[in-house]
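Undergrad: Pasting a predicted model and its sequence here:
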Amino acid sequence: MIHRIKGTQDLLPGEIEKWQYLEQKARDIFARYGYMEIRTPIFEETELFVRSIGQETDIVQKEMYTFADKSKKSLTLRPEGTAPVVRACIENNLLAGSGTLKLFYMGPMFRYERPQKGRYRQFYQIGAEVLGPDNPLIDVEVMEMLVRFLEELEIHPYQLHINSIGCPGCRPKYLKVLRAEITHALPQLCADCNRRASTNPLRVLDCKVETDQAHINALPASLDYLCEDCRTHFAVVQRFLNNRDIHYSVNSRLVRGLDYYEKTTFEITSDLLGAQNALLGGGRYNGLSESLGGPAISGFGFALGEERFILALPKEDYFWMRPEVYLAPLGPACFDFAVTLASQLRRNEIRAFLEFGDKSLKSQLRHADKLRIPFALIFGTEELHRKEIQCKNMRDGTQVTIRAEVSEIIRAIRGDTAR
RNA sequence: GUGAGCGUAGCUCAAUUGGCAGAGCACCAGGUUGUGGCCCUGGGGGUCGCGGGUUCGAGCCCCGUCGCUCACCCCA
């Protein structure tokens, strides 16, 4: 028995409808905010991710699916979507204009991690990028769109957390102070923090160990070390979030795991999820384009985890384009007619289901009921001899005899007015 | 990479001290010459994850192994 790879999943009928719903709603709201879709390859040169995400990050250090192809080139299954999008923009010269470029994408990402609730090795993200000016109103518009998106999906409660982690101009100064303070507190901190202190001091801020909290709260916050430009940027973001009546909390301990972020970072969490409680996250990445050899263009973007949205979605019956009519021929003698009729109905845009097995009427109706198809067309040799057909309404059980013609059938299942 | 919990029918789970592998749901058939849901009757289905060991006898005890789940880590 061969079965699926750890951390992957088969999305089956009954579950996939939620995904279609989610993706359809995403396309809808992206269209309203002026985004166009982009699709990039599922694998890239390894170097793209190393340079953008950062050599020392966990993603690059231990989570990438990296392999050599037959020409010995090192390739990597994409662990995130921003770097490939920016790469594609540079390569196809989409950044030539001076305006704002808004793109969205959706698709699978890959990270080699131990699976748990809401976390998979192949997982799906929907994300968007705004390339162009370094304008804080972009940050606000993206967050507003996401809050609207959550409301339309009826996902609640959720919390928006924002922070500013400074820019290459002011962050080094902050990191120096942070390092010094952490070193000072090190004896009182947990083993993980002791390790992080040297590998990635920002992550110490993210520690959840109870006994560390008091010490961590006493550590300096990046917000207190922002340069003039970063401070103004963050102030404008907050002012306009307030204007739009968007509830948020400033979380000076919000740290992101990718090195390209600067200035604004944000995250939306929900306790509808498990321990992995982030529905989505994102931030500003002004230096990314240039570091990948493109023009000096600013960027802001986010990615949301589809699996996590599915977990948070209200427990409802999601839409399925189920067949409108089930053809139940009685015996092989009527099958030719059934095939022809199904074809005619479909040409008239009727969703028709035809059973191919030689099943009893009882089992065919049971099947139609199980698929919740609203009408069944029943016909045996007697009916066909008279050019008639039985049309049964599966909801109320009523049944009428009609002429075996497409126009009659359409009238019967869609009502007199429809066509 | 680390830790814990769990692997018995398609699904959810029982099985006393180690003593003939079960139920509900689902599925199929019949009750109805050609009519679904509700009800009744019957039926098909099992490498008890896998491999060793102990024992007259193992789903149960022991060792190993694989898988799943959750959590740590990290992130979407």
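TA: Right, received. Where do you want to start? Numbers count the residues shown, from 1 in each chain, chains lettered A, B, ... in the order given.
Undergrad: Confidence-wise, which helix or strand of chain A is lowest on average?
TA: helix A:191-199 (a mean of 74; mean pLDDT, DSSP states H and E).
Undergrad: Give the other helices and strands that that one contacts.
TA: With contacts taken as 3 or more CB pairs under 8 Å, 6 or more residues apart in numbering; DSSP states H and E, helix A:191-199 sits against helix A:171-185, helix A:201-204. Backbone N, C-alpha and C define where each C-beta goes, glycine included.
Undergrad: Kindly compare burial across those helices and name the winner.
TA: helix A:201-204 (a mean of 20; mean count of other CB atoms under 10 Å).
Undergrad: Let me know the average pLDDT across it.
TA: In this model, helix A:201-204 carries a mean pLDDT of 80.
Undergrad: so does stretch A:39-59 get close to RNA strand B?
TA: Yes: legend: contact between stretch A:39-59 and RNA strand B by CB under 7 Å from any atom of the strand is shown at A:57-59.
Undergrad: Let me know the closest of those to RNA strand B.
TA: When the residues of stretch A:39-59 next to RNA strand B are compared for distance to RNA strand B (CB to the nearest atom of the strand), residue A:58 comes out closest, at 4.0 Å.
Undergrad: What sits closest to that closest one if chain neighbours are left out?
TA: What sits nearest to residue A:58 in space, not counting adjacent residues and going by CB to CB, 6 or more residues apart in numbering, is residue A:257, at 6.3 Å.
Undergrad: State the number of residues packed around that neighbour.
TA: Counted with other CB atoms under 10 Å, the neighbours of residue A:257 add up to 17.
Undergrad: what do you get for residue A:263?
TA: Residue A:263: 26 neighbours (other CB under 10 Å).
Undergrad: So it lies in a strand, does it not?
TA: Yes: per DSSP: H, G, I helix; E, B strand; the rest coil, residue A:263 lies within a strand segment.
Undergrad: quick one, phi psi at the residue nearest to it when sequence neighbours are not counted?
TA: Spatially, and ignoring its direct neighbours in sequence, residue A:263 is nearest to residue A:284 (4.4 Å; CB to CB, 6+ apart). Phi and psi for residue A:284, reported as degrees, to the nearest 10, are phi -100, psi 140.
Undergrad: Now residue A:302: which helix or strand?
TA: Assigned by DSSP states H and E, residue A:302 belongs to strand A:298-305.
Undergrad: Okay, buried residues for that strand please.
TA: Buried residues in strand A:298-305, counted by 16 or more other CB atoms under 10 Å: A:298-305.
Undergrad: from those, which single one is nearest RNA strand B?
TA: Taking CB to the nearest atom of the strand as the measure, RNA strand B sits nearest to residue A:305 out of those, at 2.9 Å.
Undergrad: Tell me who's in contact with the closest one.
TA: By CB atoms under 8 Å, 6 or more residues apart in numbering, residue A:305 lies in contact with A:118, A:123-125, A:278-280.
Undergrad: still on that earlier bit, sec struct for the residue nearest to residue A:58, please.
TA: Following three-state DSSP, residue A:257 is assigned to coil.
Undergrad: got a list of what the residue lying closest to residue A:371 once chain neighbours are set aside touches?
TA: Spatial nearest neighbour of residue A:371, chain neighbours left out: residue A:322 (6.2 Å); criterion: CB to CB, 6+ apart. Taking CB under 8 Å, 6+ apart, we find residue A:322 in contact with A:351, A:371-373.
Undergrad: please redo it, this time with the cut-off set to 7 Å
TA: By CB atoms under 7 Å, 6 or more residues apart in numbering, the contact set of residue A:322 is A:371-373.
Undergrad: Figure out how far the helix or strand harbouring residue A:129 is from the centre of its chain.
TA: Secondary structure assignment for residue A:129, by DSSP H and E: strand A:122-132. Centre-to-centre, strand A:122-132 and its host chain are 8 Å apart (CA atoms, centre = their mean, to the nearest Å).
Undergrad: Direction included, what does that strand pair against?
TA: strand A:101-110 (antiparallel), strand A:298-305 (antiparallel) (DSSP bridges).
Undergrad: Quick one: those strands as CSV, columns for distance to residue A:151 and mean pLDDT too.
TA: As requested, these are exported to CSV (distance: least, CB to CB, whole Å; pLDDT from 0 to 100):
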stretch, distance to residue A:151, mean pLDDT
strand A:101-110, 19, 98
strand A:298-305, 14, 97
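Undergrad: what would those look like in TSV with distance to RNA strand B?
TA: Below are the strands paired with strand A:122-132 laid out as TSV (distance: least, CB to the nearest atom of the strand, whole Å):
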stretch	distance to RNA strand B
strand A:101-110	7
strand A:298-305	3
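Undergrad: mean confidence score for stretch A:209-222?
TA: Mean per-residue pLDDT for stretch A:209-222: 80.
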